[in-house]
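1. predicted model and sequence below, questions to follow.
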Amino acid sequence: MKIVIIGQQDFGKAALEAFLARGEDVAGVFCAPEKEGAKPDPLRLAAEELGIPVFQFSSLKSEEALSAMRDMAPDIGVMAYVLQFAPQELVTIPTHGTIQYHPSLLPRYRGPSSINWPIIKGDRETGLTIFRPTDGLDEGPVVLQKKVSIGPDDTLGSVYFDHLFPMGVAALLEAADQVVAGRHQEVRQDEAQATYEGWCRGAEARIHWAQHVESIYNLIRGCNPSPGAWTTVKGQKLQIFDAHLHVFRSFGAVRGKVGTLSGLTSQGFMVTAQGGQIEVLRVKPEQGKKMDALVYAQEQGWTEGMVLGD
């Protein structure tokens, strides 16, 4: 089949390579222009190295973008991690239309941080959806879905890189085959079940130690590795990455006040929260790199009772 890839970054590159590995004809690649000072887009670099035409339009609504798509006359368009708005005028040009990847079980978790939020909210399951893009945000009919379990200690990184990334690339191939062969079914999303979550960024990643310990642990997991859950110590920002959850089984097990350092361990340090403790294993200080939490605490001379989140 003749394909146009619309995407960016490593996921877009992996999709490109997967279609090429099967011998498909990738007529061209659309990817967003890099911002000044940003690292080169891996998808753009891969396509250019292979001699595949690359188009970087500031807007996919432009006549130049529409003309480029028409000139290539693809069988199908494949959207693999796209942050630009793709209008219907563009996505309907391919003979069999366009399919798009989204890393959640639509209609739940529409929006840009759809991997973070299921973990932060304590869900035990997420997944991916291949759907038809419409002018609404992640609202088009579903072509294919795959489910993924979220383990109690899974992080954003493990859910994405171990599951949603490789499964997503394979699902794009599977859906493209079905659509071009006319063997697919399109299921309308149930708006009554729809949820939307915005970006998970710095403001959303702040730890509030008065919350229940499981909620704090879920936030840390859902922000690891990005954007990184954080707290403050003596007015300085401290990001927390790897951690362990310790739930109190009895009132007598409580040690320390909420939001205070309750001791060092062989791997890190303990912070008390409602219903338990967070054992912090890896941190990133405001003016530094990621490091072992125990080493950092010892270097800073931390002692029991020190307040976090001041």
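-> Sure thing, it's come through.
2. tally of neighbours for Ser158?
-> Using other Cβ atoms under 10 Å, Ser158 is surrounded by 15 other residues. For every residue, glycine as well, the C-beta is placed using N, CA and C.
3. which SS class is it?
-> helix (DSSP: H, G, I helix; E, B strand; the rest coil).
4. tell me the contacts of it?
-> Gly151 (Cβ atoms under 8 Å, 6 or more residues apart in numbering).
5. which pLDDT value goes with it?
-> Model confidence at Ser158, given as pLDDT, is 98.
6. tell me how far it lies from Gln100.
-> 24 Å (Cβ to Cβ, to the nearest Å).
7. ditto for Gln267
-> 42 Å.
8. looking at the two, which one has more neighbours?
-> The residue with more neighbours, out of Gln267 and Gln100, is Gln100; 25 against 14, by other Cβ under 10 Å.
9. surely that one is within a strand?
-> Yes - Gln100: assigned to a strand according to three-state DSSP.
10. okay, and the beta partners of it?
-> Met79, Phe131 (DSSP bridges).
11. surely it and Leu137 touch.
-> No - judged on Cβ atoms under 8 Å, Gln100 makes no contact with Leu137 at a distance of 11.2 Å.
12. quick one: contacts for the spatially most central residue of the chain?
-> By Cα atoms, centre = their mean, the mean C-alpha position of the chain lies nearest to Ile115, the distance being 4.5 Å. Ile115 makes contacts with 103-104, 126, 156, 159-160, 164, as judged by Cβ under 8 Å, 6+ apart.
13. repeat that for Gln239.
-> If you count contacts by Cβ under 8 Å, 6+ apart, Gln239 has them with 228-230, 283-285.
14. and those residues, which is closest to Ile130?
-> Of all the contacts of Gln239, Ile130 sits closest to Gly228, with 29.8 Å by Cβ to Cβ.
15. regarding the residue nearest to the closest one when sequence neighbours are not counted, what is its secondary structure?
-> Nearest residue to Gly228, sequence neighbours excluded (Cβ to Cβ, 6 or more residues apart in numbering): Gln239, at 4.0 Å. What three-state DSSP gives for Gln239 is strand.
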